[in-house]
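This is the structure alone, sequence omitted:
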Ligand code: AHR
């Protein structure tokens, strides 16, 4: 692909306008001569709802630096699709070289991505996916196999059931789902059900949404504990909701984790949660790798060299339970 080089002047003018609104995290200054050669990337991030998200943003900012040849315009959508559509239109009008974005939900992107395509700007999806009729509206998606993450949660529970000889008992499960319509929510739920639906003794009591935040996780778990007296397993689709749910269990005098009343299965495996796995407060944490910056950098470099890149680029991840810390 022909190497695109846009003048930064118009981009910086836009940043100057928007920085007053607190939308962009860029330093606005007159570009030095060599900055004219930087690859301009507009990045619309979902928000800052979780520890995972903060790490994901940092990973991308650490790789797409001026030293590495990039000029990154960062925009925080604060969980709103309308903000992301606005960001993308602004990136188009400023003729950035690439648009990078993590869609808050999967649906509703056809029109704005068609506009990007007509403007000749490649779109790279990060973390979450879009549900569009025409897959040529984006160049590549870089993220996790979240259906597999959901399956891994189910497989762990299958093994837990076997080890504890619970096959003949009813296992009562609650699932805290993340943001409605988000890829991570849809796919983790789907993957978990692929395993759970084969077990007649697993009863999913409820699967409410809790938006991937600690506050909502606590609020929803509090209600679930009031409603259902004998929950055996909590499947919580991210660590932040798990932190909230653990607080709710503490408040109800319910012991969570290994040898507790409720087994806890979490997702993300951020450092703060892995400490709780080590302590036995969380039984297992299915990793969702936030360190996507290097993959994005390599993809952009390949595109700059005119190479064809894979449509789907999947990051590596693993599952953590106490055996990881005991070296079993
Ligand atoms: O899409 C990835 C999910 O979004 C992470 O699991 C969660 O923590 C984040 O908010």
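Great, that's in hand. Worth saying up front: this structure is predicted, and the values here are computed from it rather than measured.

hey, what's residue 321 bridged with?
Beta-bridge partners for residue 321, by DSSP bridges, are residue 284.

my guess is it meets residue 277, correct?
Yes - when contacts are counted by CB atoms under 8 Å, residue 321 is listed as touching residue 277 (6.5 Å). The C-beta positions use only the backbone N, C-alpha and C, and glycine is treated the same way.

Tell me the residues that contact both of those two, please.
283-285 (CB atoms under 8 Å, 6 or more residues apart in numbering).

Could you export those to CSV, including columns for distance to the ligand?
Below are the shared contacts of residue 321 and residue 277 laid out as CSV (distance: CB to the nearest ligand atom, whole Å):
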residue, distance to the ligand
283, 18
284, 15
285, 11
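
Buried subset of those residues as a ChimeraX selection?
Per 16 or more other CB atoms under 10 Å, the buried members of the shared contacts of residue 321 and residue 277 correspond to this ChimeraX selection:
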select :283,284,285
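
Distance of the closest residue to residue 51 other than its chain neighbours relative to the ligand?
Spatial nearest neighbour of residue 51, chain neighbours left out: residue 270 (4.5 Å); criterion: CB to CB, 6 or more residues apart in numbering. Plainly put, residue 270 is 8 Å away from the ligand if you go by CB to the nearest ligand atom, to the nearest Å.

ok, residue 270 - contacts?
The neighbours of residue 270, taking CB under 8 Å, 6+ apart as the test, are 51-52, 55, 239, 290.

What pLDDT is listed against it?
Per-residue pLDDT puts residue 270 at 98.

Also residue 326?
Residue 326 is assigned a predicted lDDT (pLDDT) of 84.

wait, what's in contact with residue 297?
Per CB under 8 Å, 6+ apart, neighbours of residue 297: 63-64, 68.

next one: residue 83
44, 75, 77.

at 6 Å instead, please
Going by CB atoms under 6 Å, 6 or more residues apart in numbering, residue 83 touches residue 77.

related to what we said a few turns ago, make JSON lines out of the contacts of residue 270 and add distance to the ligand.
Below are the contacts of residue 270 laid out as JSON lines (distance: CB to the nearest ligand atom, whole Å):
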{"residue": "51", "distance to the ligand": "7"}
{"residue": "52", "distance to the ligand": "3"}
{"residue": "55", "distance to the ligand": "9"}
{"residue": "239", "distance to the ligand": "7"}
{"residue": "290", "distance to the ligand": "8"}
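
Can you give me the buried ones in stretch 299-310?
Neighbour counts using 16+ other CB under 10 Å place 299-300, 303-304, 309 of stretch 299-310 among the buried residues.

can you redo these as CSV with secondary structure, distance to the ligand and pLDDT?
CSV is the format used below for those (DSSP: H, G, I helix; E, B strand; the rest coil; distance: CB to the nearest ligand atom, whole Å; pLDDT from 0 to 100):
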residue, secondary structure, distance to the ligand, pLDDT
299, helix, 18, 98
300, helix, 21, 98
303, helix, 23, 98
304, helix, 27, 97
309, coil, 21, 98
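
what's the most distant pair in the residues you listed?
304 and 309 (10.7 Å; CB to CB).

follow-up on the earlier one: closest one to the ligand out of the contacts of residue 297, please.
Of all the contacts of residue 297, the ligand sits closest to residue 63, with 18.3 Å by CB to the nearest ligand atom.

ok, for the closest one, nearest residue in space, not its chain neighbours?
Closest residue to residue 63 apart from its sequence neighbours, by CB to CB, 6+ apart: residue 293 at 3.5 Å.
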